[in-house]
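Peer 1: Structure for this input, please:
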Amino acid sequence: MSAETVQIFKDAPPDLKFRAKWYTRRVLIYGTLLFWTVICLFPIYWTATTSFKIAPDVMQGHLIPWTDFEPAWRGWRSLGLSPQTIFETSTVREEFLKRFTNSVITSLAASTLAVVLGSMAAYGLSRFSYRLKFIKNRDISFFFLSQLILPPVVLALPFLVLYKELALLDSHIGLILLYTLMVLPIVIWIMRDQFSAIPVELEEAALVDGLSVWKAFLQIVLPIALPGMIAAFILSLVLCWNEYFFAALLTSTDAKTIPVMVASQTGSQGINWWSMAALSFAAILPLVIIGIVLERFIIKGMAAGAVK
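Peer 2: Here you go, the predicted structure:
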């Protein structure tokens, strides 16, 4: 910026200076947000375009359709989901739909169960005082959160032996119970803050009006905490949907999920990049749709408790 420009800006009226600063700040903020959006969405774009590439285009890193490469249905054809194969019999498509259904069943059931149990536990921790010698509410809350520190590989052998004895290997119920246990600490931690942000006086007024404890919870507390519960549910759903380690360890044929099928695209002959990209995009798409539809609940859930 030249000295003349700086002098002109200094001599400008205060209103003009304010507007110039306001527009400069806006440009910087939105420019930064746009740059970060591109960084976040680029992997999804790359995955989507890779599913339409042939081998040379994948290896050469071509990115822009119809400019760097001519789109083809290579990845989707390998899954039986291309326009040419969608109405034909395909064992791969049947396998994909089975794995997709398994992921839907286990993720939805585990997330729902975790939110129900976690919300009740979090409500108790936020409304009542527990004491067992030196153990208090704060210690109980930290105990739940500390379960996330333990690496999953440490639990591999115990769960394998336990599930074999209980006949839960390669079953939906086995994955549902394990996924519920996996995301329960996160739900408890989130919902404890949600319930703590709700004034106790609301429940006391409801009790004075003749409502029972359960009715006060269902009619007063639950509607206020609902956005936080939905946010916790979505987070749990994402974690369960993307879980690979236990799904690969504890399942073999009937209960395998989408992440295991994606990983199976690697073999001795190399990696089927186009098939892996198509599978990955098909696995990402439901979560993207859920996030867009429930965006307002996610924002409310994240903002709840910020101001009391």
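Peer 1: Apart from its neighbours in sequence, what residue is nearest residue 65?
Peer 2: residue 71 (4.9 Å; C-beta to C-beta, 6 or more residues apart in numbering). The way it works is simple: take the backbone N, C-alpha and C, and place the C-beta from them, glycine included.
Peer 1: Pretty sure the one you found sits against residue 52.
Peer 2: Yes: with contact defined as C-beta atoms under 8 Å, residue 71 counts as touching residue 52 (4.0 Å).
Peer 1: Could you give the backbone dihedrals for residue 168?
Peer 2: Main-chain dihedrals, residue 168, degrees, to the nearest 10: phi -110, psi 0.
Peer 1: one step back: need the overlap of contacts for residue 71 and residue 52.
Peer 2: Residues touching both residue 71 and residue 52 (C-beta atoms under 8 Å, 6 or more residues apart in numbering) are residue 65.
Peer 1: Name the next helix or strand following the least confident helix or strand in the chain by mean pLDDT along the chain.
Peer 2: The weakest-scoring helix or strand in the chain, judged by mean pLDDT, DSSP states H and E, is helix 3-11 (a mean of 54). Along the chain past helix 3-11, the next helix or strand (assigned with DSSP states H and E) turns out to be helix 14-50.
Peer 1: before we move on, back to that, neighbour count: residue 71 and residue 52, which is higher?
Peer 2: More crowded of residue 71 and residue 52, by other C-beta atoms under 10 Å: residue 52, with 21 against 13.
Peer 1: Got phi/psi on that one?
Peer 2: When read as degrees, to the nearest 10, the backbone of residue 52 gives phi -110, psi 10.
Peer 1: Looks like it contacts residue 73 (just checking).
Peer 2: Yes: taking contacts as C-beta under 8 Å, residue 52 lies within contact range of residue 73: 6.7 Å.
Peer 1: Next, name the residue at the spatial heart of the chain.
Peer 2: Among the residues of the chain, the one closest to the centroid is residue 238, at 2.8 Å (C-alpha atoms, centre = their mean).
Peer 1: Can you report the mean pLDDT over the residues of the helix or strand harbouring it?
Peer 2: For residue 238, the element it lies in under DSSP H and E is helix 222-242. The average pLDDT within helix 222-242 is 89.
Peer 1: for stretch 188-195, same thing?
Peer 2: In this model, stretch 188-195 has a mean pLDDT of 88.
Peer 1: List the buried residues of it.
Peer 2: Buried residues in stretch 188-195, defined by neighbour count with 16 or more other C-beta atoms under 10 Å: 188, 189, 190, 191, 192, 194, 195.
Peer 1: Can you redo those as CSV, where the extra columns are distance to residue 25 and secondary structure?
Peer 2: Output for these, formatted as CSV (distance: C-beta to C-beta, whole Å; DSSP: H, G, I helix; E, B strand; the rest coil):
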residue, distance to residue 25, secondary structure
188, 40, helix
189, 35, helix
190, 33, helix
191, 37, helix
192, 37, helix
194, 33, helix
195, 37, helix
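Peer 1: Great, nothing more from me.
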